[in-house]
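**Q** take a look and give me a structure for this.
(2 chains)
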Amino acid sequence: MSFITVNNLWKEYGDQVVLENLNLSVKQGEFCTLVGASGCGKSTFLKMLLGQETQTRGELLLEGEAFPGEPDRNRGIVFQRYSVFPHLTVRQNVLMGLELEQKPWLGKLFGSARREALEKVDAMLESVGLSPSANKWPHELSGGMQQRLAIAQSLIMRPRVLLLDEPFGALDPGIRGDMHDLLLKLWQETGTTIFMVTHDLKEGFYLGTRLLVFDKVRNDPHDPQAFGATITYDLPIGQTDRKLYEDINQSVSETARNQAA
Amino acid sequence: MRMINHHPGRVSATLLGLLPFLLIMLVYSLASQERLAENPNDKLLPGLEQMTAAVERMAFQEDRRSGDYLMVQDTTASLARLGMGVGIAALLALVVGILNGVLPLVRANLAPLVSALSMVPPLAILPILFIVFGLGELSKVMLIVIGTAPIMMRDVAQRVRELPGEQLIKIQTLGANSWQVITRMALPQVLPRLIDAVRLSLGPAWLFLIAAEAIASTEGLGYRIFLVRRYLAMDVILPYVIWITILAIVIDQCLRLTNRRLFPWYNAGGH
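**A** Sure thing, here's the model as predicted:
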């Protein structure tokens, strides 16, 4: 049985169709990148995986069970910005999840339990390269380091699915390369299933095991919202060539232009 | 060069800031001297001498009738009322504001009431407070609470709702329950904002305090000012007003420094 199953999934807001007839089956441990023009439902699909939105029609199953209707500790998330807590230091940010899990009322750990948790936290900070900044406030970190922190904060909970919503969109190209290497390393170490939304088609081609292209098949020039997007390409990474990249790039750009018109 | 691009240096900025104060003092002392030259017993614009004598009498000599230092007694009585009123209001604002901000069900239930209450002119219900709570301390403290709490409640709720939605999602993915969302995310981030709200509320709080003391009291800064008004004792009133202003500035600055000390992340642009 597949880990995540999507059957005939539709998402509509009133007259506006965002996603139509989505079908997908993802195995545990896959690293899927979601690309497409803005407004093609990538982020909406991610929000459904997160439990922030529900589908209008169709099924969304996690190991054969319907997805919980609100975010929970099994699904980690990293947004483009604002995913860390400004009132906690780097170390406290990563410790937060462990404290919340073990102390439903106090929400804080003390004594030996805290020391034990902090060992895990420090190991996690080590693996994302944030050890030297452990006692800094988030606002003292660069954008790339804040994203490292957000990833560490999520991964310490060992979520079954890690969702990334354009996590590197606001970073400089050089930093982005470092973050790609870090993410691939962490993915190999933890074996977590990852879904990553990106604007950057190249990033989609390079990272992960599977590329999902969200695009509109049909377009009504008089009513751009009448048709929704669906998955037009579902490619295993590594079997892609230059020609295909250009085809996808052209199709996605065309949809973007139609949306804007 | 355009006016909007002229920036004063450090020294000239300080001097420019001091200038209006000096001008006011100059104009006052000239007018006072002129009146006193005409009539040495003039009460309307007392000179520095008369005012220091009044302060000496009020603050550093025992009152002949009661044996108290009146200005000290007035100050402690007023500050106690102010502190209690603003303290209770801040606590209420924190509880109601956070619940309103975090829990949609409570918001639906309480937010309209809070908005309506904040529109009631507090001085209009002062007679009700006197009738219900009597003329003692309680009614004065209640006036400050009723006058400042609803606006602070709205402010705190607004600050909670301004926290990025991403944070709220994130803490849920870390497994937080609603209580933990309040205690570990909303409360710590809203505390420095509450202190800012208290600073803004101190102005109205002083207003309500003095109004209540003027109407029914036996001690307090506002009581004294309104009492000596009968004798046209400007030599007491003016130092009292200056003293109240100094107290207000000191309290405000103490709160500002407390905020900076307690919440380094807030003031360094971490929000």
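
**Q** mind listing what residue 42 touches?
**A** Picked chain A for this. A:34, A:35, A:36, A:197, A:214 (Cβ atoms under 8 Å, 6 or more residues apart in numbering or on different chains). Heads up, the C-betas are built off the backbone N, CA and C, glycines and all.

**Q** actually it's chain B I care about, not the one you picked
**A** B:35, B:36.

**Q** check which residues of the strand or helix carrying residue A:215 are buried.
**A** Per DSSP states H and E: residue A:215 is located in strand A:210-216. Neighbour-count burial for strand A:210-216 flags A:210, A:211, A:212, A:213, A:214, A:215, A:216 (criterion: 16 or more other Cβ atoms under 10 Å in any protein chain shown).

**Q** near chain B, which residues of the stretch 51-200 of chain A?
**A** Taking Cβ under 8 Å from any Cβ of the partner chain as the criterion, the neighbours of chain B within the stretch 51-200 of chain A are A:52, A:70-73, A:75-77, A:79, A:81-87, A:96-97, A:99-101, A:104-105, A:107, A:137-140, A:150, A:153-154, A:157, A:159.

**Q** residue A:157: neighbouring residues, count only.
**A** 21 (other Cβ atoms under 10 Å in any protein chain shown).

**Q** so it makes contact with residue A:73?
**A** Yes. In this structure, residue A:157 is within contact of residue A:73 by Cβ atoms under 8 Å, at 5.4 Å.

**Q** find the residues that touch each one of these two.
**A** Common neighbours of residue A:157 and residue A:73 (Cβ under 8 Å, 6+ apart) are A:97, A:101, B:173, B:174, B:175.

**Q** just the ones of these in strands?
**A** Judged by DSSP state E, these include no members of strands.

**Q** looking at the residues you listed, spot the one nearest residue B:123.
**A** residue B:174 (47.6 Å; Cβ to Cβ).

**Q** please pick the buried ones from the residues of the stretch 51-200 of chain A next to chain B.
**A** For those, buried by 16+ other Cβ under 10 Å: A:52, A:71-73, A:75-77, A:79, A:82-87, A:96-97, A:99-101, A:107, A:137-138, A:140, A:150, A:153-154, A:157, A:159.

**Q** got the residue ranges for the strands in the stretch 151-261 of chain A?
**A** Ranges of strands in the stretch 151-261 of chain A, per DSSP state E, counting those that start in this stretch, are A:161-165, A:193-197, A:210-216, A:229-236.

**Q** would you turn those strands into a markdown table with mean pLDDT?
**A** Shown next, in a markdown table, are these (pLDDT from 0 to 100):
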| stretch | mean pLDDT |
| --- | --- |
| strand A:161-165 | 95 |
| strand A:193-197 | 95 |
| strand A:210-216 | 89 |
| strand A:229-236 | 83 |
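
**Q** relative to residue B:48, which of those strands is closest?
**A** That would be strand A:161-165 among the strands of the stretch 151-261 of chain A, by Cβ to Cβ, at 67.7 Å.

**Q** who does the closest one pair up with?
**A** Using DSSP bridges, the strands paired with strand A:161-165 are strand A:75-78 (parallel), strand A:193-197 (parallel).

**Q** for residue 115, the count of nearby residues, please.
**A** Using chain A. Residue A:115 has 10 nearby residues by other Cβ under 10 Å.

**Q** could you do chain B instead?
**A** Neighbours of residue B:115 (other Cβ under 10 Å): 12.

**Q** I'd like to know how far the residue of the stretch 1-150 of chain B found nearest chain A sits from residue B:193.
**A** When distances are taken as Cβ to the nearest Cβ, the stretch 1-150 of chain B reaches nearest to chain A at residue B:104, 12.8 Å away. Note on residue B:104: its distance to residue B:193, by Cβ to Cβ, to the nearest Å, is 20 Å.

**Q** returning to what we had before: what lines up beside the strand holding residue A:215 in the sheet?
**A** Assessed with DSSP bridges, strand A:210-216 is paired to strand A:31-36 (parallel), strand A:229-236 (antiparallel).

**Q** switch these over to CSV; also include distance to residue B:123.
**A** CSV is the format used below for the strands paired with strand A:210-216 (distance: least, Cβ to Cβ, whole Å):
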stretch, distance to residue B:123
strand A:31-36, 60
strand A:229-236, 60
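
**Q** tell me which of those sits most buried.
**A** strand A:31-36 (a mean of 24; mean count of other Cβ atoms under 10 Å in any protein chain shown).

**Q** what about the next helix or strand after that strand, distance to the chain center?
**A** Past strand A:31-36, further along toward the C-terminus, the next helix or strand under DSSP H and E is helix A:42-50. Offset of helix A:42-50 from its chain centre (Cα atoms, centre = their mean, to the nearest Å): 9 Å.

**Q** neighbouring contacts of stretch A:124-143?
**A** By Cβ under 8 Å, 6+ apart, stretch A:124-143 touches A:84-86, A:88-91, A:93-94, A:122, A:145-146, A:148-149, A:151-152, A:155-156, A:170-172, A:175, A:182, A:185-186, A:189, B:264-265, B:268-270.

**Q** wait, I meant stretch B:76-91
**A** B:137, B:140-145, B:148-149, B:152, B:194, B:197-198, B:201-202, B:205-206, B:208-209, B:212-213, B:219-222, B:247.

**Q** can you tell me which of those end up in helices?
**A** Among the contacts of stretch B:76-91, the residues falling in helices (DSSP state H) are B:137, B:140-145, B:148-149, B:152, B:194, B:197-198, B:201-202, B:205-206, B:208-209, B:212-213, B:221-222, B:247.

**Q** residue 114: how many residues sit nearby?
**A** I went with chain A, as the question did not name one. 16.

**Q** wrong one, chain B
**A** Neighbour count of residue B:114, defined by other Cβ under 10 Å: 19.

**Q** any idea which element residue B:27 lies in?
**A** helix B:10-38.

**Q** pull the CA atoms of the helix or strand following that helix into CSV?
**A** As assigned by DSSP H and E, the chain's next helix or strand after helix B:10-38 is helix B:48-60. Taking C-alpha atoms only, helix B:48-60 is exported to CSV below (Å, rounded to 0.1, in the frame of the first residue of the first chain):
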residue,chain,number,x,y,z
LEU,B,48,9.7,81.1,42.1
GLU,B,49,10.1,82.3,45.7
GLN,B,50,6.4,81.8,46.5
MET,B,51,6.3,78.4,44.9
THR,B,52,9.4,77.1,46.7
ALA,B,53,7.9,78.4,49.9
ALA,B,54,4.7,76.5,49.2
VAL,B,55,6.6,73.3,48.3
GLU,B,56,8.6,73.7,51.5
ARG,B,57,5.4,74.0,53.5
MET,B,58,3.6,71.2,51.7
ALA,B,59,6.3,68.6,51.4
PHE,B,60,8.9,69.2,54.2
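
**Q** show me which positions of the helix or strand following helix B:48-60 end up buried.
**A** Next helix or strand after helix B:48-60 toward the C-terminus (DSSP H and E): helix B:70-102. Neighbour counts over helix B:70-102 (16+ other Cβ under 10 Å) mark B:70-71, B:73-75, B:77-78, B:81-82, B:84-86, B:88-90, B:92-94, B:96-102 as buried.

**Q** and stretch B:153-166, by the same measure?
**A** In stretch B:153-166, counting by 16+ other Cβ under 10 Å, buried: B:153, B:154, B:155, B:156, B:157, B:159, B:160, B:163, B:166.

**Q** contacting residues around it?
**A** Counting by Cβ under 8 Å, 6+ apart, A:79, A:81-83, B:92-94, B:96-98, B:100-102, B:107, B:111, B:114-115, B:118, B:185-186, B:189-190, B:193-194, B:197, B:200 sit against stretch B:153-166.

**Q** try 7 Å this time
**A** A:79, A:82-83, B:92-94, B:96-98, B:100-102, B:114-115, B:118, B:186, B:189-190, B:193-194, B:197 (Cβ atoms under 7 Å, 6 or more residues apart in numbering or on different chains).

**Q** what about that stretch, distance to the chain center?
**A** 23 Å.

**Q** swap in stretch B:210-223?
**A** 16 Å.
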